[in-house]
Each structure stands twice: as C-alpha cells, then as structure tokens.
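S.K.: Predicted model and sequence follow; I will ask about them next.
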Amino acid sequence: MSNRDDELRVVNPTDPLDDQGRAEIQLLAARQRRANGVLMKAINFVGSQVEDGLKSMPAPVRTRFEAAAKKALSYSFYAAKATHGKAPLTDKGHTAVAAIAGAVGGVGGLPTALAELPITTTIIFRAVLGVAEAYGEDPDAEDTRVECLRVFGAGGPGGDDDGIDTALIGARLGLSGAGINSLIARISPRFAAVMSQKLAGQAVPIIGAAAGAGTNYAFVRFYVEMAHVHFGLRQLCRIYDETQVLEEFHKALIMRKLSS
C-alpha cells in the first residue's frame, strides 16, 4: 500500500484520485481475482458433487447449515475480540491452526464438522481482524469487527459474486446490539452457502479429515485475501474521493474479467 505520510491521510481525506491511487486499486482488483484460485475452485467442484447428495436430505437437516453458520458468526464476533492479542499468529499461523482444526472436525463426518465450524470461523475472523489492523483500523473497536463481519458476507468462492461488494465499503452504519444481530442474520445465509462446500467435503468420516484440513487451509487464505481487498479499499477511501475509488475498482474488475 501507499507509503505517503499518515498526516496527509487525515488532513486531505478526499483528494482526487491520482495515478498512485489507481495503481493501488489495480493491485487490489488483481488480488480479488487471484483469491478464487485453482485450489479453491477444485474444492468448490468436489464439494458441489457431495452437496448434490446432501440436497436430497430432509429440509430440517439442510437448515442446520444456516443455523450453524449464524451461530458461528455470532460466536466469532465476540470471541475474536476476547482472544485478540493473545498468542498472536501470522496469516500462515492462522492457516496452519485452521487446517488442524479442520482435520479433527472431519474425522467424525458431518456431526464433528458442524461442531468444529465455530472454531474455524473464529480463526478466520481473527485473521481478518489482523488484516484490518494492518490497514490502520482499530482492532479493539466494535466498528472494526462489524467491517470484519462484512468480509464474510462479501461473496464466496465458486459463485458469480465471488468478491467484495463495494456497497458495503460505502456503508457508514453504527451498529450495536440488535443491529449487529440483524447484520449477522443477513450475512449468515451467504456464509452458509459458502460453508456448505466445506461441510459437504467433510461429510464422509475419515476421508473428511483430509478434506477438512484442505478446505480450512483454502478458506482461511480466501477470506484473508478478501480482507486485504476490503480494508485496502477502505484505506484508499480515507485518502481519496470515495466515489472515484469505488468506480475505479469496479472498472478494474470488469477489465480483468473481460481479459481472462
């Protein structure tokens, strides 16, 4: 990111977008496109094959996915703050711990995978919170954790909307209490749709251990990359005119899709 003086970021928060800003936006757009890489696409393909079988299960069983995702997001929102700064980990450290948790969670098939989901979600949340801090956000502020929640709702691997929704960047909502619960309720269906691929891969005992380790590794990397894009754009919006930043980002994504 930019090395310009921090004071300038505060004094001139709406400077017109310049060449340096455009270059940084291009890097973020490239990062978003790379996030859904070969490993993630393979996991999505394999998971979707197993998921086809899960669709034949009774509706109450399927709704457990969404309920588990909502519970995991709610738990991680508060647990991430309580554990932040304790035994700090790098991105690689979070990835390794998540892989171990996924392997353990996959040993017993779907029941243990569902039980492991809040742990994995909290690990991802902590990793995302660390990215936020690196971009100048206050890790102890509730607003920062709200923005971390929005990363979870910003699309998922293998989907048509597999990236950051810049409408979320522009949102300036002060949320607390019921507002946070409402946000979690809105995000959880999208997060559940993403996590269903992970859980589908872990549905078969023993084999699910390897699947759990691999999917957790990929999902931590995916959401960390999405966090870099989300908080990178927020940082740029504190320097330059927000409308120009978001329009340029959309344009950069479109050009990359057309050229791929």
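M.R.: Structure received. Fair warning: this is a prediction, and the values are worked out from it, not measured in the lab.

S.K.: Which parts of the stretch 51-200 of the chain are helices?
M.R.: 59-83, 91-106, 110-134, 142-152, 166-170, 178-201 (DSSP state H, counting those that start in this stretch).

S.K.: Can you report phi and psi for P16?
M.R.: Reported as degrees, to the nearest 10, the phi and psi values for P16 are phi -60, psi 150.

S.K.: contacting residues around it?
M.R.: Y240, D241, Q244 (CB atoms under 8 Å, 6 or more residues apart in numbering). C-beta here means a position set from N, CA and C on the backbone, and glycine is covered the same way.

S.K.: ditto for P60
M.R.: With CB under 8 Å, 6+ apart as the criterion, no residue contacts P60.

S.K.: gap between it and E66?
M.R.: P60 is 11 Å from E66, where distance means CB to CB, to the nearest Å.

S.K.: what does D143 give?
M.R.: On the measure of CB to CB, D143 and E66 end up 26 Å apart.

S.K.: what about the two, which has more around it?
M.R.: Taking neighbours as other CB atoms under 10 Å, D143 and E66 compare with E66 leading, 18 against 14.

S.K.: any low-confidence regions in this structure?
M.R.: Within the chain, the ranges that satisfy pLDDT under 70 run 1-14, 36-59, 61-62, 84-110, 112-113, 154-178, 197-212, 214, 260.

S.K.: hmm, try it at 80
M.R.: The model of the chain has pLDDT under 80 over residues 1-14, 36-66, 80-115, 153-179, 189-190, 192-218, 257-260.

S.K.: for it, what's the longest helix?
M.R.: Counting residues, the longest helix found in the chain (DSSP state H) is helix 207-239.

S.K.: could you give the angle of whatever helix or strand comes next after that helix to helix 207-239?
M.R.: Counting by DSSP states H and E, the next helix or strand C-terminal to helix 207-239 is helix 242-259. Inter-element angle recorded for helix 242-259 and helix 207-239: 130 degrees (by axes from the mean of the first three to the mean of the last three CA atoms, to 10 degrees).

S.K.: quick one: buried residues of helix 242-259?
M.R.: Along helix 242-259, these residues count as buried under the neighbour rule (16 or more other CB atoms under 10 Å): E242, Q244, V245, L246, E248, F249, A252, L253.

S.K.: counting contacts, what elements does it pack onto?
M.R.: Contacts defined by 3 or more CB pairs under 8 Å, 6 or more residues apart in numbering; DSSP states H and E place helix 242-259 against helix 19-35, helix 166-170, helix 207-239.
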